[in-house]
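1. Got a sequence here, can you build the structure:
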Amino acid sequence: MKKILMAGVAAFALTAVSAQAQELMFPVGEGDFNWDSFEAYSADHDLAGEQVTVFGPWLGPDQEAIEAVLAYFAEATGADYGNARDNLFDFIASWTEETLRD
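-> Take a look at the predicted model:
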């Protein structure tokens, strides 16, 4: 069963700026942060083995920021995530091109 979760991701967005996929800017428990909410969210959300797909138009710095957020989400929940931006963008671009030709 696939689950799309947006709750919690927004909370992590406030602390994330940029990172490579699956790399945490700050290891959990380190830095001048209060990790209590992260630990509580992690304890309440076990999504190990689940795949979460995120649809969005992010590019450049915005894409780096959302990947940083998703890295913390994956760390907290155990879920794998994918970004469907490329497929969605390609679909819209090809559909628009075909529609304009007709």
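2. Okay, the closest residue in space to Ile66 that isn't next to it in sequence and Asp80: tell me how far apart.
-> Ranked by CB to CB, 6 or more residues apart in numbering and with sequence neighbours excluded, the top spatial neighbour of Ile66 is Trp58, at 5.0 Å. Where C-beta positions appear, they are placed from N, C-alpha and C, glycine not excepted. Distance, Trp58 to Asp80, using CB to CB, to the nearest Å: 18 Å.
3. repeat for Glu50
-> Look at Glu50 and Asp80: by CB to CB, they are 7 Å apart.
4. which stretches of the protein aren't confidently modelled?
-> For the chain, the stretches with pLDDT under 70 are 1-22, 83-91, 95-102.
5. Now do the SS call for Phe38.
-> Secondary structure for Phe38, judged by DSSP: H, G, I helix; E, B strand; the rest coil, is helix.
6. That one: how many residues sit nearby?
-> 19 (other CB atoms under 10 Å).
7. How about Glu23?
-> Considering only other CB under 10 Å, Glu23 is surrounded by 9 other residues.
8. Could you verify that it is part of a strand?
-> No. Looking at Glu23 with three-state DSSP, it is coil, so not inside a strand.
9. Chain neighbours aside, what residue packs nearest to it?
-> Using CB to CB, 6+ apart, the closest residue to Glu23 is Ala71 (6.3 Å).
10. The one you found in helix, strand or coil?
-> Ala71 ends up helix, using three-state DSSP.
11. returning to that earlier point: hang on, the residue nearest to Ile66 packs against Ala68?
-> No. Using CB atoms under 8 Å, Trp58 is not in contact with Ala68, being 11.3 Å away.
12. Comparing these two, which residue is more hemmed in?
-> Ala68 (22 against 14).
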